[in-house]
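[1] Compute the structure for the input listed below.
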Amino acid sequence: MREITATGQTVEEAVQSALEQLNTTKDQVDITVIDEGKKGIFGLFGSKRSIVKVSFGKDQVQQTEKYIRDLTQNMGVEVETTTTVVGNHVTFELSGERIALLIGKRGQTLNALQYLVHLVLNKDGKQFYTVTVDAEGYRGRRKQTLESLALKMADKAKRLNKKVALEPMPAYERKIIHSALQGEKNISTYSDGVEPHRHIVIKP
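    Sure, this is the predicted structure:
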């Protein structure tokens, strides 16, 4: 954790000096006032400079990486984590020998892991992040599978001229289906049911 002690005529001036040296902003750091200082007579005699200690807050993303390593280790899976941060979205890409254990049936274990990681990352950090936890490109493969399933089921709905219900899926997977069929003529989609059994219905 990087930290710096800075001085100034006032506490504000000392903080500003520290922020410039750390090349950061106030919302990213923890500030401790060591000495408020005093102005002295006519602002000259007996004046004492303010002293502050400024340090970067705990890095949310690094802490979450450690949480992922500890959790997967307890599951008996050694993983390598590649982390990408774009704006306020973090992607944790996991790879390793027994990665299938972390994916689970239709990605259920991976979805549960993603939910936990989202909670940990945003527990007491200063910034709110959205999260994707992927395992050796599973999310991309799953997206392709869902898109082809959507088209196949839309054809079935048109052919039989009746509604077709898909299996329950998490919200972001349902969104993939909705998007895949958005441009399809004579087809509409909607979500039905209550979580965790909420599913998509394709209607001609």
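
[2] And for the longest helix seen in the chain, what's in contact with it?
    Identified as the longest helix of the chain according to DSSP state H is helix 138-160. For helix 138-160, contacts defined as C-beta atoms under 8 Å, 6 or more residues apart in numbering pick out 103, 106-107, 110, 132, 134, 163-164, 166, 169, 173, 176-177, 180-181, 184, 186-187, 202-204. The way it works is simple: take the backbone N, C-alpha and C, and place the C-beta from them, glycine included.

[3] Export the helix or strand of the chain with the lowest mean pLDDT to PDB, keeping only CA atoms.
    Scoring the helices and strands of the chain by mean pLDDT, DSSP states H and E places strand 29-35 at the bottom, with a mean of 77. Provided in PDB are the C-alpha atoms of strand 29-35 (Å, rounded to 0.1, in the frame of the first residue of the first chain):
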ATOM      1  CA  VAL A  29      -7.300   7.600  -0.600                       C
ATOM      2  CA  ASP A  30      -7.500   7.500   3.200                       C
ATOM      3  CA  ILE A  31      -6.400  10.700   5.000                       C
ATOM      4  CA  THR A  32      -5.000  10.900   8.500                       C
ATOM      5  CA  VAL A  33      -4.300  14.300  10.100                       C
ATOM      6  CA  ILE A  34      -1.100  14.000  12.200                       C
ATOM      7  CA  ASP A  35      -0.900  17.600  13.200                       C
END
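
[4] So in that sheet, which strands flank it, and in what orientation?
    Paired strands of strand 29-35, with direction, are strand 50-56 (antiparallel) (DSSP bridges).

[5] gap between the partner strand and the chain center?
    29 Å (C-alpha atoms, centre = their mean, to the nearest Å).

[6] Give the buried residues for that strand.
    Within strand 50-56, the residues that count as buried by 16 or more other C-beta atoms under 10 Å are 50, 51, 52, 53, 54, 55.

[7] what's in contact with the next helix or strand after it?
    Moving toward the C-terminus from strand 50-56, the next helix or strand (DSSP states H and E) is helix 60-74. With C-beta under 8 Å, 6+ apart as the test, helix 60-74 has contacts from 78-79, 81, 83, 85, 90, 92, 94, 96, 102, 113, 116-117, 120-122, 125-127, 129, 133.
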